[in-house]
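In: all I have is the shape, not the residue letters:
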C-alpha cells in the first residue's frame, strides 16, 4: 500500500512539475471534421472561403439552407449549432482562440464532413469537390505559413468518423471497408509528419 501511495505521489509531482515548466502556446491550430469544427459554415455561407477555392459551401442546397436558418436563429455555424465546441473551450483555457480559418484571424481549419484524405473524388462527405480533406487542411495551413509549422502552436487533429460513414456507404465487404480505412489512416499519418 505504501508503494502505491509513493508511486501516486511521484506521479502527481511529475504531473504538476511538468505544468510549471510547460511551453506557452501562441495559437491553437485545428484540423479535422465536425468533432472540432468551430463554425466553418458561417463563413462559407457568406463566401468567406479562406484557403479553399470558391465556392466553399456544401454543394447541397438543403443542407446550406438548414445551416443558414440555424445561424439566423443564433447558431454559430458549428455542428452543434449553439454553444461552444471543445476546441473553443480548450482555446479559452489557454488564452487563445479557435476562430475558423475562413474568417479573419482564424486557425481552426476543421470542416464538418471532412474525410481523412480525398477518396471518390471528394475530401468531404458533402458534394462540393473544393472542400478539403483533413490532409488538405494541413497542406493549406503549411502553404499559408511558408511551409513551416509553428514550434509554439498547439496542434489538434480529430478525423476519421466520416471515413467510416463513407466506407459503410460505398463498400460491400468488411475486407474492402478495412482496406479503404487503412489507406485513409495511412494518408493522414503521413501528412502529419512535419519537420
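Out: Cool, got the structure. What you are looking at is a predicted structure, and each value in this text was computed from that prediction instead of being measured.

In: quick one, phi psi at the most centrally placed residue in the chain?
Out: With distances taken as CA atoms, centre = their mean, residue 32 lies nearest the centre of the chain, 2.4 Å away. Taking degrees, to the nearest 10, you get phi 150, psi -150 for the backbone angles of residue 32.

In: which ones are touching it?
Out: By CB atoms under 8 Å, 6 or more residues apart in numbering, the residues touching residue 32 are 110, 114, 134, 137, 156, 157, 158, 159. Heads up, the C-betas are built off the backbone N, CA and C, glycines and all.

In: over to residue 91?
Out: Going by CB under 8 Å, 6+ apart, residue 91 touches 28, 97, 98.

In: ok so, going back, quick one, which of the contacts of residue 32 are buried?
Out: Buried by 16 or more other CB atoms under 10 Å: 110, 114, 134, 137, 156, 157, 158, 159, out of the contacts of residue 32.

In: which of those residues sit farthest apart?
Out: 114 and 156 (13.7 Å; CB to CB).

In: gap between residue 157 and residue 36?
Out: 8 Å (CB to CB, to the nearest Å).

In: what of residue 148?
Out: Taken as CB to CB, the span from residue 148 to residue 36 is 22 Å.

In: tell me the SS of residue 42?
Out: helix (DSSP: H, G, I helix; E, B strand; the rest coil).

In: give me the neighbour count for it.
Out: 20 (other CB atoms under 10 Å).

In: spit out the contact partners of it.
Out: 71, 76, 77, 78, 100, 103.

In: if any of the residues you listed are buried, give me the PyMOL selection for them.
Out: Remark: buried members of these, expressed as a PyMOL selection using 16+ other CB under 10 Å:
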select buried, resi 71+76+77+78+100+103
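
In: and the gap between residue 144 and residue 30?
Out: 14 Å.

In: for these two, indicate the residue with more neighbours.
Out: Neighbour tally, residue 144 and residue 30, criterion other CB under 10 Å: the higher count belongs to residue 30, 31 against 13.

In: check contacts around that one.
Out: Residue 30 makes contacts with 36, 38, 87, 98, 107, 108, 109, 110, 155, 156, 157, 158, as judged by CB under 8 Å, 6+ apart.

In: name the nearest residue to it, ignoring sequence neighbours.
Out: Leaving out its chain neighbours, the residue that sits closest to residue 30 by CB to CB, 6 or more residues apart in numbering is residue 108, at 4.2 Å.

In: that neighbour and residue 90 touch, don't they?
Out: No: the criterion here is CB atoms under 8 Å, and residue 108 misses it with residue 90 at 10.7 Å.
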